[in-house]
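**Q** A predicted structure for the sequence below; I have some questions about it.
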Amino acid sequence: MKTLPEQSGCPGRFVGTVSRRSFLQNSSAGFGWLALSGLLADRAIAERQKIAQAHSSARAKNVILCFMDGGPSHVDTFDPKPELANREGQAIGASAVSKRSQSSANRVWLRCPWKFRQRGESGLWVSDLFPHIAGVADEICVVRSMLGELPLHGQQALLMHTGRITGQAPSFGAWVSYGLGSENQNLPAYVLLNNDWVPNGGQENFGSSFLPASHQATMLRPAGTPVDNIVPSDPRSLQHRKLTLLAEQDREFAQQAADSRAIEGAIAGYETAFRMQSTVPELADISKEPAHIHKLYGVDSSDEHQHLYATQALRARRLVESGVRFVEITCPSFDGNNSPWDQHGLLKKNHEKNARITEQTVAALLVDLKQRGLLDETILVWAGEMGRTPHTPRVTPDCGRDHHVNGYSIFLAGGGFKRGTTFGQTDEFGNSVVENQVDIHDIHATILHQLGIDHEQLVFRHGGRDQRLTDVHGHVVKEILS
């Protein structure tokens, strides 16, 4: 019997001697394939973990990405620039103009509307915009020297998620799922805690592209039924019969297909969906969490957006606690804006609104992970796709900042990252990187390293060559690791 490559972290590895396709072709037991496929999946997970451990010693097992869509302003959050106050209203000059930001020489510098203070024992600088994150400053590692490619939301979001401004490649979460699988066979390895809207860059941000379809994100809604059809409307016996018929159809289709990978991925998706029916509703239901946890996260907030964001973050903790590898939380949108942090005007009002919605919850997630002993094995990433210009066309009470990728900030915590520290520098205005430049490929490589994966070895054969998340780029930023 011919074997097929299993969905492991190293293409060409063989897991077992019976593939799902071959089993379907030879099986007469309508529902028995679910049990065998579970055994094969267990062996595949063990093989993935063996491969990962061979690459390096893993410090972390899970990732939670808090995606701040739209681009929070680095000079108003983690990168203090007193010179902006000294020069506010003055023209930036030709030397400050960059191809990576929306700028011209006649724009003027704009001060930060909030005060910066040194926080915690580490003395990390955090703006008053983030009072709760300031309270966990000793847990975070701020990278102030991020460099992007294009000052456009869609392209930068795709770059952040897929490593390519054009997309057409698997998302970061899909690669982690492919490389490590899930620790819980009743749950997918990659979960997206999203609102019911499409972010800039589209669903490609969360897709599996040329990887098997089973590695794309499974989305949980913030309100109502978390996943469509998660509670079956049919009796269990009827559902069994339907799944048997589906298996027969897959068998017939697989016999005609030249490439069975899509079929294999679909079958794996059916299997996971069946198992999720008994697990997801309970995990998504946070009503049994103690009142003090609801208060910590902000679930009890009268602000609907904060309530929804807090609900999703609390679910994120429950998911990684249950063995999900990669969880992403997106920001609630308001005023019809699918880039909530994108403040070209009304900077102070809307950055404060976004902070009110998210930052208490992000801080609570760090506190909760730590008190449960999960922070050491979980990497929390707080990042937008870009920063914002330290200048504006004109200083007015309602002015804002524009797109900026020539230097911006993100932070990481847990999972072996240094605590209470900063890395990299921008110039005196926050306009461009001047020390220890880092790009998203480096961040991807570093997070994979902490998960026990060599980013140059996590590959998938596609288009005539070995593809990887970091493409031909990326290095591990060892200076930010403990």
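**A** The structure has been received and is ready for your questions.
**Q** In a strand, residue 219, correct?
**A** Yes: checked against DSSP: H, G, I helix; E, B strand; the rest coil, residue 219 lies within a strand.
**Q** Hmm, it is touching residue 192, no?
**A** Yes: using Cβ atoms under 8 Å, residue 219 is in contact with residue 192, at 4.6 Å. The C-beta positions use only the backbone N, C-alpha and C, and glycine is treated the same way.
**Q** Pull the contacting residues for residue 195.
**A** 221-222, 308, 330, 332-333 (Cβ atoms under 8 Å, 6 or more residues apart in numbering).
**Q** Looking at residue 219 and residue 192, which one has more neighbours?
**A** Between residue 219 and residue 192, counted using other Cβ atoms under 10 Å, residue 192 has the larger neighbour count: 23 against 18.
**Q** Pretty sure that one sits in a helix.
**A** No: counting by three-state DSSP, residue 192 is located in no helix; its state is strand.
**Q** which residues pair with it across the strands?
**A** For residue 192, the beta-bridge partners are residue 219, residue 328 (DSSP bridges).
**Q** That one and residue 222 touch, don't they?
**A** No: the criterion here is Cβ under 8 Å, and residue 192 misses it with residue 222 at 11.2 Å.
**Q** so where does residue 320 fall, helix or strand?
**A** Remark: residue 320 resides in helix 304-321, with elements defined by DSSP states H and E.
**Q** any idea how far residue 67 lies from residue 250?
**A** In this structure, residue 67 and residue 250 are 34 Å apart, going by Cβ to Cβ, to the nearest Å.
**Q** same check, this time on residue 223
**A** Distance of residue 223 to residue 250, computed by Cβ to Cβ: 34 Å.
**Q** Where does pLDDT dip in the stretch 101-250 of the chain?
**A** Applying pLDDT under 70 to the stretch 101-250 of the chain flags the ranges 101-102, 196, 228-234, 236, 239.
**Q** where exactly do the strands run in it?
**A** 108-109, 116-119, 124-127, 140-146, 190-193, 218-220 (DSSP state E, counting those that start in this stretch).
**Q** Relative to residue 78, which of those strands is closest?
**A** Taking Cβ to Cβ, strand 140-146 is the member of those nearest to residue 78, at 4.7 Å.
**Q** Tell me which residues of stretch 340-354 come out buried.
**A** By neighbour count with 16 or more other Cβ atoms under 10 Å, stretch 340-354 contains the buried residues 340-344, 347-348, 350-351, 353-354.
**Q** got a markdown table for those residues, with secondary structure and pLDDT too?
**A** A markdown table is the format used below for the buried residues of stretch 340-354 (DSSP: H, G, I helix; E, B strand; the rest coil; pLDDT from 0 to 100):
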| residue | secondary structure | pLDDT |
| --- | --- | --- |
| 340 | coil | 94 |
| 341 | coil | 96 |
| 342 | coil | 97 |
| 343 | coil | 97 |
| 344 | coil | 96 |
| 347 | helix | 98 |
| 348 | helix | 97 |
| 350 | helix | 96 |
| 351 | helix | 98 |
| 353 | helix | 96 |
| 354 | helix | 96 |
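**Q** Next, format those residues as JSON lines and append distance to residue 81.
**A** JSON lines is the format used below for the buried residues of stretch 340-354 (distance: Cβ to Cβ, whole Å):
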{"residue": "340", "distance to residue 81": "24"}
{"residue": "341", "distance to residue 81": "19"}
{"residue": "342", "distance to residue 81": "21"}
{"residue": "343", "distance to residue 81": "18"}
{"residue": "344", "distance to residue 81": "20"}
{"residue": "347", "distance to residue 81": "15"}
{"residue": "348", "distance to residue 81": "16"}
{"residue": "350", "distance to residue 81": "20"}
{"residue": "351", "distance to residue 81": "16"}
{"residue": "353", "distance to residue 81": "23"}
{"residue": "354", "distance to residue 81": "20"}
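**Q** so which of those comes closest to residue 470?
**A** Distance to residue 470, by Cβ to Cβ, is smallest for residue 341 among the buried residues of stretch 340-354, at 25.7 Å.
**Q** residues touching that closest one, list them.
**A** Applying Cβ under 8 Å, 6+ apart, the residues near residue 341 are 68-72, 331, 351, 354, 384.
**Q** On the three-state scheme, the closest residue in space to it that isn't next to it in sequence is what?
**A** Among residues not flanking residue 341 along the chain, residue 70 sits closest, at 3.4 Å (Cβ to Cβ, 6 or more residues apart in numbering). Three-state call for residue 70 (three-state DSSP): coil.
**Q** Need the per-residue pLDDT for residue 259.
**A** On pLDDT, residue 259 comes in at 64.
**Q** which stretches of the stretch 351-482 of the chain have low pLDDT?
**A** Flagging of the stretch 351-482 of the chain using pLDDT under 70 yields an empty set of residue ranges.
**Q** show me where this protein has helices.
**A** Counting by DSSP state H, the chain has helices at residues 20-26, 33-55, 82-87, 131-134, 153-162, 172-180, 236-256, 261-276, 280-284, 291-297, 304-321, 347-371, 440-450.
**Q** Nearest to residue 459, out of the ones you listed?
**A** Closest to residue 459 of these is helix 172-180 (Cβ to Cβ; 9.9 Å).
**Q** Tell me what angle the closest one forms with helix 440-450.
**A** Taking axes from the mean of the first three to the mean of the last three Cα atoms, to 10 degrees, one finds that helix 172-180 is oriented at 30 degrees with respect to helix 440-450.
**Q** Can you tell me what sits against helix 172-180?
**A** 7, 9, 45, 48-49, 51-52, 63, 65, 160-163, 170, 188-190, 192, 206-209, 211-212, 214-217, 325-326, 328, 444, 448, 451-453, 458, 460, 468-469.
**Q** Let's have the contacts of residue 341 in JSON lines, adding distance to residue 402.
**A** JSON lines is the format used below for the contacts of residue 341 (distance: Cβ to Cβ, whole Å):
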{"residue": "68", "distance to residue 402": "17"}
{"residue": "69", "distance to residue 402": "16"}
{"residue": "70", "distance to residue 402": "12"}
{"residue": "71", "distance to residue 402": "9"}
{"residue": "72", "distance to residue 402": "13"}
{"residue": "331", "distance to residue 402": "19"}
{"residue": "351", "distance to residue 402": "14"}
{"residue": "354", "distance to residue 402": "17"}
{"residue": "384", "distance to residue 402": "14"}
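**Q** So among those residues, which ones count as buried?
**A** When the contacts of residue 341 are checked for burial by 16+ other Cβ under 10 Å, the buried set is 68-72, 331, 351, 354, 384.
**Q** Of these, which pair is most distant in space?
**A** 69 and 351 (13.6 Å).
**Q** so residue 199 touches residue 338, yeah?
**A** Yes: counting by Cβ under 8 Å, residue 199 touches residue 338, with 5.8 Å between them.
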